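Novice: My questions are about this predicted structure, shown below with the sequence.
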Amino acid sequence: MMPPWRFIIDRVVNRFITLLVLTIFSFFVFEVIPQAIGMKVAYIFAGVAPGSTRSAGSASALIAAATRTYDLNGPIPARLLKFIVNMFTGNYGVSVFFQKPVLQVVLQYLPNTLILATSSLALTSVLSIITGVVAAKSFLRSRRKLGDKSVSIASIGLYFVPALWISIIFYIYFADQLGLFPINLAQALTGLGSHNYTGIMYYLRYAWAAVLPVAVLTITGFGHRQQLLRNNIIEEYTSSSHVEYARARGLDDRTIFYKHAFRNAILPWITVVGLDVAFLIYGIFFVEYVFQFQGIGYASTLAAQNLDMPFLIATTFMFGVYTLIVLFILDFVLAKLDPRIRLGE
Amino acid sequence: MERLILRVLRRRNAQIGLAIVMVFVLIGALGPYISAYSNPYSPSQFYAAGPDALPSWMSVFPGYSHLNPNIILPSSQVFQTFKTPEALGYWKVGVDPSSRVSLSVGYARGVGPADVAAEATGAYLLTNTGNGSEVLSVSGNSTNPVYVYLTHTFYYGYSPPPLFYSQVAVKPVLPPGVGFAVMLLVNTSKGVYYTSLAANAAGETALESLPSAGSSYAAYFASTFSQPLVNDSWNLVSGVTNSANDMPLAFFNRSVPITTVPQTIFSQKGYYSVGELLVFFPNGDFHASLYQSDFKFQIFGRVYGVLGTDADGGDVWSEFVSGTRTALAIGFGSAAIALGVGVILGLIAGFFAGLVDSVLVFAFDFLLLLPGLILLIDLDTVFTVAHVVTSKALLIILLLGFLGWAVPGRTVRSQVLSLRRRTYVEAAKTMGGGNFYILRNHVLKHTTGTIVALITYLVPGLVVADTGLDFLGLGIDRYPTWGNILAKLINEVTPSNGYLWWITMPIGLSIILISIAFYLIGTAIQEEYSRLG
């Protein structure tokens, strides 16, 4: 049996090692392997394309500066150490594509992503709880189970629909053809440069632009959680021993359903929500790109298309940190909720 | 194992799933035989029909029957290229009666446009190097221009078309000093419209000195696109109404924007003539002959093929078939790699506990916890710039495969862990069975079901991953894959060009169908497997 603090320290060490390995891994992927196969890494870090229109003098100055900054000709162990220190101290360098410090770019684009992520997460959670309970109740109480069938078919069907494709359909139909929504965030906020909305109008127009991205993330995100909750409630309600016991004690059905079946069924659901929070960013990439909603996924795509190495290195690290922190919190929350995990069983 | 396969195949779910997968595999395998164009993204295969044309079966519906299909005159390529003497009869030939010259029309079996050179601008361009051409000989004595015309009349019964193209390859054999011009035209009830025009140096001078339209001719011949005809050699004369450079109408009728020219010409239903006007500018006694071939007019369709066209007039069915081929190749190829690596490492981790297991479990978890899409984008970017692998498709297969083995690895490991405690494995060990023997004969045999189920789990995910990568412009380029088709669509969609459902729906439904098919097969395998125990 493990004491609780041992469990936490164990997980912290484990996650930290993973992060360190990720950092070493990306050092090799971005610097060592390209150099080993004969790429001129300094050119890329300096943002100088081989056929660049820059004058030869300024290009070679940029390349020299990049070589110095990233110590590209130094011994590998020293460079690796410097790379790791840079990553962990938030020293990410200057983005080649955005021509600004990477951290500044990330902070500029992050709010849009956070808004999409949190609102869609809240919506999917609420939606999956409500539809999960409705479906489970319908399965347990109704004779023809119509409610359960329709909700389950919808959520299983939507599970197979790729977010990328549904984004495109929504974009073409609702934004482009019917004109019900703006074709991008900039159009919503500035009316293609002709307006400068402020105050409540600004927020309203922002919300207007966010409707379609959030709708796509919600539609494609709630299905598997809904099914999980439904299945768990039904299993708890029909076959778990503590529900049997509660029934034997003569508790009323409503209390049994919510206090016993639902409460236990929500635990695996929380795990999945946690995993979704950790990996939500992937759906957001495509949604931001299609709706031109300037978030971190949109910025990363532009950076990748334009070979912005410093930006890609930094975002790889930051997404790693984010994922690991979310997973750590998830460990902690689950350990709090379920003593079996804490006790290492 | 055979029993498992038979029992799985007897299930309705698995049958439906397999049928769907087989349809897609067939489309992919038969790709080149069932599609007309190998790569509709290369400019030489643009404009199979007009841009954003609907599928041709849409004209069955009353609301769409007014949309014209591709109309090509002459309709057979044998006639266009004068591969048979009957092609001469397609055209009604005449000479201006006032010019008092003699005209003879013949078939030159041994002469063909062997050296005609043209930039490949679209699928409509016709160049053939085979023998066979029409020869027109004009002789007489005149100092006035001599007009010879060829026409063909047809009925046009649709709403105005989007694009019009005309071309002819000519080889003039003229005595020195004789001017010559060739003009392709459409004769309508409202007048004659010239759609292609070229002249030799003397002919250009003669046309430019005409009192009425001389300045328009001067403007047209001054454009760099217009090259004078070369005597005794093959010249391609062509004009298409999406390019103002080579379209004489853009110079002659400046009040009409070039894009609306086809609508101006074919503004109503009725009889139209397409044809050619040859103008000779002799100075006394002369004998000139003209060889011609590759003679064709095309009215581009608003409906085309099985799935219509995209914004460049590329054949969407060919794009879809190419995309299916690539998607399946990448899905199955990378799944094979992921599965191969994952199964081997999973077997090793599960069977040899201890340090090996700990290291491998860390590797599985590491790959699962990594920001997968970001890493995929990173590696893809780095290795693309580095040109490590010549084919981008192969690079994506390798990347997806080597990033995707964590799930199969972990699944196989846990399977092996539970098998290790089974009595028959213990028994085999006691009887002195080697590690490799036990792995092969007991462990691998009993994990086969899991492995097959893993394929069905992996393939759809990998197909979607590749589609996403292509869509973001980070995957295969200049080739129609599902992701690229969607990316091109989203870049070119405008409020006016419609919902383009014939491009979005086949791809979306294919992804959904493939996912469902593999899901059905996978669940059937798992259910039968757990029943067998």
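Specialist: That came through, no problem.
Novice: domain parsing for chain B?
Specialist: B:2-33+B:323-532, B:71-299 (automatic domain parsing).
Novice: Could you point out which of those domains sits nearest chain A?
Specialist: Relative to chain A, the nearest member of the domains of chain B by CB to the nearest CB is domain B:2-33+B:323-532, separated by 3.7 Å. (C-beta placed from N, C-alpha, C; glycine too.)
Novice: what's the distance between the closest one and the middle of its chain?
Specialist: 28 Å (CA atoms, centre = their mean, to the nearest Å).
Novice: so where's the stretch 201-345 of chain A uncertain?
Specialist: For the stretch 201-345 of chain A, residues meeting the criterion pLDDT under 70 lie at A:339-345.
Novice: Find the closest residue to chain B in it.
Specialist: Counting by CB to the nearest CB, the stretch 201-345 of chain A gets nearest chain B through A:Phe319, at 3.7 Å.
Novice: CSV for the domains of chain B, including distance to A:Asn196, mean neighbour count and mean pLDDT?
Specialist: Output for the domains of chain B, formatted as CSV (distance: least, CB to CB, whole Å; neighbours: other CB atoms under 10 Å in any protein chain shown; pLDDT from 0 to 100):
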stretch, distance to A:Asn196, mean neighbour count, mean pLDDT
domain B:2-33+B:323-532, 24, 19, 86
domain B:71-299, 35, 18, 88
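Novice: Packing partners of the lengthiest helix in chain A?
Specialist: The helix spanning the most residues in chain A, taking DSSP state H as the definition, is helix A:102-141. Helix A:102-141 sits against helix A:146-159, helix A:199-221, helix A:223-239, helix A:263-279, helix A:281-290, helix A:296-305, helix A:309-337, with contacts defined as 3 or more CB pairs under 8 Å, 6 or more residues apart in numbering or on different chains; DSSP states H and E.
Novice: Next, the angle from it to helix A:296-305.
Specialist: 130 degrees (axes from the mean of the first three to the mean of the last three CA atoms, to 10 degrees).
Novice: Any chance you could list what contacts the helix or strand harbouring A:Arg6?
Specialist: Using DSSP states H and E, A:Arg6 sits in helix A:4-27. Contacts to helix A:4-27, defined as CB atoms under 8 Å, 6 or more residues apart in numbering or on different chains, come from residues A:2, A:79-80, A:83-84, A:87-88, A:313, A:316-317, A:320-321, A:324, A:327-328, A:331-332, A:335, A:342, A:344, B:362, B:365-366, B:369-370, B:378.
Novice: starting at the chain centroid, how far to the helix or strand just after it?
Specialist: Going down the chain from helix A:4-27, the next helix or strand is helix A:33-36, by DSSP H and E. Averaging C-alpha positions (CA atoms, centre = their mean) puts helix A:33-36 30 Å from its chain's average.
Novice: Now the element after helix A:33-36, going C-ward?
Specialist: helix A:41-46.
Novice: Next SSE downstream of that following helix?
Specialist: Helices and strands here follow DSSP H and E; after helix A:41-46, the next one along the chain is helix A:56-69.
Novice: May I see the buried residues of that following helix?
Specialist: Across helix A:56-69, burial judged by 16 or more other CB atoms under 10 Å in any protein chain shown covers A:Ala59, A:Leu62, A:Ile63, A:Ala66, A:Thr67.
Novice: can you give me the mean pLDDT across that helix?
Specialist: Averaging pLDDT along helix A:56-69 gives 76.
Novice: close to chain B, is it?
Specialist: No. Using CB under 8 Å from any CB of the partner chain, helix A:56-69 stays clear of chain B, coming no nearer than 15.4 Å.
Novice: The residue nearest to A:Thr238 when sequence neighbours are not counted and chain B: what is the separation?
Specialist: Nearest residue to A:Thr238 in three dimensions, chain neighbours excluded: A:Leu140, at 7.5 Å (CB to CB, 6 or more residues apart in numbering or on different chains). As judged by CB to the nearest CB, to the nearest Å, A:Leu140 and chain B stand 24 Å apart.
Novice: A:Tyr43 now?
Specialist: A:Tyr43 sits 10 Å away from chain B, going by CB to the nearest CB.
Novice: That residue touches A:Ile63, doesn't it?
Specialist: Yes. At 6.2 Å, A:Tyr43 counts as touching A:Ile63 under the criterion of CB atoms under 8 Å.
Novice: related to what we said a few turns ago, how big is the angle separating the longest helix of chain A from helix A:263-279?
Specialist: Going by the same axes, to 10 degrees, helix A:102-141 makes 150 degrees with helix A:263-279.
Novice: pLDDT on helix A:102-141, on average?
Specialist: 91.
Novice: buried sites along that helix?
Specialist: Residues of helix A:102-141 classed as buried by neighbour count (16+ other CB under 10 Å): A:102-103, A:105-106, A:109, A:112-113, A:115-117, A:119-121, A:123-125, A:127-129, A:131-140.
Novice: centre of the chain versus the helix holding A:Arg6, how much separation?
Specialist: 20 Å.
Novice: what do you get for stretch A:116-131?
Specialist: The answer for stretch A:116-131 is 14 Å, by CA atoms, centre = their mean.
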